[in-house]
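*Asks:* Need coordinates for the following:
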Amino acid sequence: MYKLLVKTQTIDQVVIKSGYAYEKVKAENGDVLDKVIYMPIVDLNNPDAEAFIEGYRQMKPVAMECCFSEVTPEVLRLLQKVKDNGSKIWLNGLWPSLNGGHDDDRAVELNQKDESWGWLLEKGASLIQTDRPVQLLQYLKKEGRR
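*Replies:* Here you go, the predicted model:
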């Protein structure tokens, strides 16, 4: 895939993501990993989540997608750890299983934007994946965050 990105001059337009540990990704991709935008995906409810995050500490990815089905003190601590390691936090607003119930439907259908998108932002999200971009942009503007 890297050769195609070089050929089409689209390297800066692609984000490559995976949930594999740093050692595996580095072994399979070598120095190509340093030439692309790579974002690891971590399940913060996984007992090995901290080791996964620590594995990427040396790489300092621009962002790390953090998923969690339930909010626990450990999840909150790990979100802060990702941020402290120098990566932005990407949170997925699509489904409640990816963000502990702070999802797009809650924001729009239940009109609980502060409890959904506001909560994600409060917990450190720099990037929010959404199926409701217009409504999220309106919320960000109203809150003075855009």
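
*Asks:* helices or strands next to the longest strand seen in the chain in the packing?
*Replies:* Determined from DSSP state E, the single longest strand within the chain is strand 37-43. Judged by 3 or more Cβ pairs under 8 Å, 6 or more residues apart in numbering; DSSP states H and E, the packing partners of strand 37-43 are strand 15-18, helix 22-29, helix 49-55, strand 63-67. For the C-beta atoms, the positions are set from N, CA and C on the backbone; glycine is no exception.

*Asks:* Quick check: can you name the pairing partners of it and their directions?
*Replies:* strand 15-18 (parallel), strand 63-67 (parallel) (DSSP bridges).

*Asks:* Deepest-packed of those strands, please.
*Replies:* strand 63-67 (a mean of 23; mean count of other Cβ atoms under 10 Å).

*Asks:* With distance to residue 35 and mean pLDDT added, can I get the helices and strands packed on strand 37-43 in CSV?
*Replies:* What follows is the helices and strands packed on strand 37-43, written out as CSV (distance: least, Cβ to Cβ, whole Å; pLDDT from 0 to 100):
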stretch, distance to residue 35, mean pLDDT
strand 15-18, 11, 95
helix 22-29, 9, 95
helix 49-55, 20, 97
strand 63-67, 17, 98
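
*Asks:* Just give the nearest non-adjacent residue to residue 146, would you?
*Replies:* Excluding the flanking residues, the one nearest residue 146 by Cβ to Cβ, 6 or more residues apart in numbering is residue 140, at 3.8 Å.

*Asks:* Just to check, that neighbour is in contact with residue 133?
*Replies:* No - counting by Cβ atoms under 8 Å, residue 140 does not reach residue 133; the two are 10.2 Å apart.

*Asks:* between the two, who's got more neighbours?
*Replies:* Per other Cβ atoms under 10 Å, whichever of residue 140 and residue 133 has more neighbours is residue 140, with 16 against 11.

*Asks:* Run through who's touching the host helix or strand of that one.
*Replies:* Per DSSP states H and E, residue 140 falls inside helix 133-142. Applying Cβ atoms under 8 Å, 6 or more residues apart in numbering, the external contacts of helix 133-142 come out as 93, 104, 107-108, 113, 117-118, 128, 130, 146.

*Asks:* what is the rounded mean pLDDT of that helix?
*Replies:* In this model, helix 133-142 has a mean pLDDT of 97.
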